[in-house]
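*Asks:* Sequence and predicted structure below; questions after.
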Amino acid sequence: MQHNKVLILDFGSQYTQLIARRVRELNIYCEIHPYNKIPSDSESFKAVILSGSPNSVRGEAVLHPNLKGIRGKKPMLAVCYGAQYLAHFSGGEVAESNTREYGRANLGFVKPDEDFFENIHEGSQVWMSHSDTIKQLPTGGVLLASTTDVENAAYKIEGEQTYAIQFHPEVYHTTDGHQLLSNFLIKIAEVEQDWTPQSFVEETVDSLKAQLGNDKVVLGLSGGVDSSVAAMLLHKAIGKNLYCIFVNNGLLRKNEFEDVLHQYEGMGLNVKGVDASARFLDALKGLSDPELKRKAIGSAFIDVFDVEANLIQDVKWLAQGTIYPDVIESVSATGGPSATIKSHHNVGGLPDYMKLKIVEPLRALFKDEVRRVGASMNMDKQLLGRHPFPGPGLAIRILGDLTAEKVRILQEVDAIFINNLRSWNLYDKVWQAGAMLLPVNSVGVMGDERTYEKCVALRAVESTDGMTADWVNLPYEFLQKTSNEIINKVKGVNRVVYDISSKPPATIEWE
Ligand code: XMP
């Protein structure tokens, strides 16, 4: 089935993915493309959204899209930079603003527009984030709304279905942002809301059947949401021809290997659990540099997976749980590559000689959509709600070198922390949580004895995508009880601290 779809042209804004997620929340399919790579089938899109940008339309670094074929022909919503672009190059004027234009503002209507502002009230809070301002509207521009500091906060172009707004409807702080996007897409552009988890499952299963026929497919399960949902879709399409491999690298949470394996079997998956803990520990022996640890784990994984995949006769495909944020081509504001902060190890880099074709059923989905798709296939809520867990597992939460004893200590600590989060109903309010084993011993006293033992740090963060994060204000009583329990029950630990750093400047993991 051909879905109604919306084209989002990206000018490098940090919020572009958020626009796409908001559109998808309306059950409308959309795609993000760089501003200078408009897809050749732009005809098939029902509406277009221009994103914001860190660049200025006035400077040398102005980003010029080729809007011929789109402008005036398709309903268009221009956000922030988009609004300035349309103004500046179509007879209006943009200048540096001399008042502060960041943060909250309130909309005042100049000309009521019943469709665009339906169910949005005078004074509605919007979020501004820009340093240029529109001084003069473009030719045919009709002013719709202003705020105290920004006169040209929203306008439309006479005779076109083109709307432009200086504020960001996609961010949480724009209270009626969802309503505004819905007004533009559903009322004005008449885009149908035909993108639902159920339709995604039906269509994906059909197309996987057609693509894979009787071929065999191998997939590495990690216990996480993405690989599990990808496995369920493939299972529905090809049943026993899907061969799942779940590797225990010895760096998982306490009892996770057995529990998750059991759960996968209960879901009817054809899954083989491979316990390679000793091999991974061996590969990590003596390594304390985080990047070397990641590399050692990555290559041990490939070795183990390769041996297992080779045991499957005539396997043709490798399935991966790649999701949309991994495949969106990003627009770099500076033109240069961004710095590598941590080299994430994922199942991706298999050696060429395996010669497997790649199948990625979740390539079009955001993480929250993966969860919704899983729920529509009646997958277990607890499995779908699991916190993200890094591929290298506890190895990057044990600072410095690893031993089996350190892994044991951290597994115990982590299990107490996570179980308590669950029993206090805090688990689902936290985006990710875990414990770090620090490479320091400190002095303590237990009974009449002096102790000299390990210190652990607990970390719980809220986030939407892991790119930025803030620490969670867990109740003092919770921290008190958890700290007591850890020190009383886990031999080798005599001190617990709580990490109160945000990302940036810290990162979520300590290594
Ligand atoms: P950082 O520490 O970079 O983490 O703030 C952001 C998110 O990424 C996860 N993470 C990893 N995931 N392999 C992974 O698969 C890795 O090497 C890795 N390092 C960090 C981290 O758990 C958080 O969710």
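*Replies:* Yep, it's here.
*Asks:* any idea how far Ser51 is from the ligand?
*Replies:* 24 Å (C-beta to the nearest ligand atom, to the nearest Å). All C-beta spots, glycine's among them, are computed from the backbone N, C-alpha and C.
*Asks:* Check Leu50 too.
*Replies:* Taking C-beta to the nearest ligand atom as the measure, Leu50 falls 29 Å from the ligand.
*Asks:* now do Asn27
*Replies:* Separation of Asn27 from the ligand (C-beta to the nearest ligand atom): 27 Å.
*Asks:* Equivalent analysis for Asp428, please.
*Replies:* Separation of Asp428 from the ligand (C-beta to the nearest ligand atom): 16 Å.
*Asks:* Next: Val497.
*Replies:* Separation of Val497 from the ligand (C-beta to the nearest ligand atom): 18 Å.
*Asks:* Next, the nearest residue to that residue once chain neighbours are set aside: phi, psi?
*Replies:* The shortest distance from Val497 to any non-neighbouring residue, by C-beta to C-beta, 6 or more residues apart in numbering, is to Ala457 (5.0 Å). Main-chain torsions, Ala457, degrees, to the nearest 10: phi -110, psi 130.
*Asks:* wouldn't Ala457 be in contact with Val440 here?
*Replies:* No: with contact defined as C-beta atoms under 8 Å, Ala457 does not reach Val440; the gap is 10.4 Å.
*Asks:* who's more crowded, those two?
*Replies:* Taking neighbours as other C-beta atoms under 10 Å, Ala457 and Val440 compare with Ala457 leading, 18 against 10.
*Asks:* bridging residues for that one?
*Replies:* When assigned by DSSP bridges, Ala457 has beta-bridge partners Met436, Val497.
*Asks:* quick one: contacts for it?
*Replies:* By C-beta atoms under 8 Å, 6 or more residues apart in numbering, the residues touching Ala457 are Ala435, Met436, Leu438, Val496, Val497, Tyr498, Asp499, Trp510.
*Asks:* give me every residue that touches the first one.
*Replies:* Just to be clear, that refers to Ala435. Taking C-beta under 8 Å, 6+ apart as the test, what Ala435 contacts is Arg397, Leu410, Val413, Asp414, Phe417, Val456, Ala457, Leu458, Arg459.
*Asks:* how about 6 Å then?
*Replies:* Applying C-beta atoms under 6 Å, 6 or more residues apart in numbering to Ala435 gives the contacts Val413, Asp414, Phe417, Val456, Leu458.
*Asks:* Quick check: the third one is in a helix.
*Replies:* Yes: according to DSSP: H, G, I helix; E, B strand; the rest coil, the state of Phe417 is that of a helix.
*Asks:* pLDDT below threshold where in the stretch 1-150 of the chain?
*Replies:* Counting by pLDDT under 70, the stretch 1-150 of the chain shows low-confidence ranges at 1, 100.
*Asks:* Which residue ranges of it form strands?
*Replies:* Secondary structure of the stretch 1-150 of the chain, counting by DSSP state E, counting those that start in this stretch: strands at 5-10, 29-34, 47-50, 76-79, 93-96, 102-106, 108-109, 125-129, 132-136, 141-146.
*Asks:* how about the second one: buried residues?
*Replies:* Just to be clear, that refers to strand 29-34. Of all the residues in strand 29-34, those buried under the rule 16 or more other C-beta atoms under 10 Å are Tyr29, Cys30, Ile32, His33, Pro34.
*Asks:* out of everything not next to it in sequence, what's closest to the third one?
*Replies:* Counting by C-beta to C-beta, 6+ apart, the nearest residue to Ile32 once its immediate chain neighbours are dropped is Ile8, at 4.7 Å.
*Asks:* From Leu144, how far off is that neighbour?
*Replies:* Using C-beta to C-beta, to the nearest Å, Ile8 is found at 22 Å from Leu144.
*Asks:* For the stretch 351-500 of the chain, which residues are neighbours of the ligand?
*Replies:* Pro388, Pro390, Gly391, Pro392, Ile396, Gln432, Gly466 (C-beta under 6 Å from any ligand atom).
*Asks:* For the stretch 201-350 of the chain, which segments are assigned as strands?
*Replies:* Taking DSSP E, counting those that start in this stretch to define them, one finds strands in the stretch 201-350 of the chain at 216-221, 242-248, 271-275, 315-319.
*Asks:* Any idea which of these gets closest to Ala61?
*Replies:* For Ala61, the closest of those is strand 315-319, at 40.2 Å, according to C-beta to C-beta.
*Asks:* Partner strands of that closest one and their direction?
*Replies:* With DSSP bridges as the test, strand 315-319 is paired with strand 216-221 (parallel), strand 357-359 (parallel).
*Asks:* can I get those strands in JSON lines with mean pLDDT?
*Replies:* As requested, the strands paired with strand 315-319 are exported to JSON lines (pLDDT from 0 to 100):
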{"stretch": "strand 216-221", "mean pLDDT": "97"}
{"stretch": "strand 357-359", "mean pLDDT": "94"}
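*Asks:* which one of these is the most hemmed in?
*Replies:* Scoring the strands paired with strand 315-319 by mean neighbour count under mean count of other C-beta atoms under 10 Å gives strand 216-221 as the most buried, with a mean of 23.
*Asks:* And for Ile302, the neighbour number?
*Replies:* Around Ile302 there are 16 residues (other C-beta under 10 Å).
*Asks:* The residue located most distally from the centre of the chain and Asn484, how far apart?
*Replies:* Distance from the C-alpha centroid of the chain peaks at Asp448, with 49.8 Å (C-alpha atoms, centre = their mean). Distance, Asp448 to Asn484, by C-beta to C-beta: 19 Å.
*Asks:* now swap in Asp401 and tell me
*Replies:* Taken as C-beta to C-beta, the span from Asp401 to Asn484 is 29 Å.
*Asks:* more neighbours, these two?
*Replies:* Asp401 (14 against 11).
*Asks:* What number of residues are in the vicinity of the residue lying closest to that one once chain neighbours are set aside?
*Replies:* What sits nearest to Asp401 in space, not counting adjacent residues and going by C-beta to C-beta, 6+ apart, is Ser288, at 4.4 Å. Residues within reach of Ser288, counting by other C-beta under 10 Å, total 14.
*Asks:* what do you get for Asp428?
*Replies:* Applying other C-beta under 10 Å, we find 12 other residues in the vicinity of Asp428.
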